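Asker: Provided below are the primary sequence and the corresponding predicted coordinates.
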Amino acid sequence: MQRLLVFPGTSFPGSPASSVFNTLEEQGIHVEHAETPDSASQRLHQESIAACLLDCSKTEMSNSLVTRFLADSRRNMAGT
């Protein structure tokens, strides 16, 4: 099963119960939510995540944080 990581967590437009996320789950894509930047970063670095969906409209989503997530996903040997 492929995994989609969503950040920032449940505050993302379309909560975990949204029809979009339900449809993805029905198609075999497991939707997971990261609650903190550190948890998202760690997971992107260490776990096999097919894709990461970021809500860049949030004030906590600075350019440096997005750059950090990209770097972590590129260093991931499990494949993100």
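Answerer: Received it, and whenever you're ready, just let me know what you need. Numbers count the residues shown, from 1 in each chain.

Asker: Centre of the chain to the least confident helix or strand in the chain by mean pLDDT, how far?
Answerer: When the helices and strands of the chain are scored by mean pLDDT, DSSP states H and E, helix 19-26 comes last with a mean of 84. The chain centre lies 15 Å from the centre of helix 19-26; the measure is CA atoms, centre = their mean, to the nearest Å.

Asker: helices and strands around whatever helix or strand comes next after that helix, which ones?
Answerer: Using DSSP states H and E, the next helix or strand after helix 19-26 towards the C-terminus is strand 29-33. Under the contact definition 3 or more CB pairs under 8 Å, 6 or more residues apart in numbering; DSSP states H and E, strand 29-33 sits against strand 2-7, helix 19-26. Any C-beta I mention is one placed from the backbone N, CA and C, and that applies to glycine too.

Asker: Other residues contacting the shortest one?
Answerer: The reference is to strand 2-7. 12, 21, 24, 28-34, 37, 40, 43-44, 47-55, 69 (CB atoms under 8 Å, 6 or more residues apart in numbering).

Asker: List only buried entries from those.
Answerer: Burial by neighbour count, 16 or more other CB atoms under 10 Å: within the contacts of strand 2-7 this picks out 12, 21, 24, 31-34, 37, 40, 43-44, 49, 52, 54, 69.
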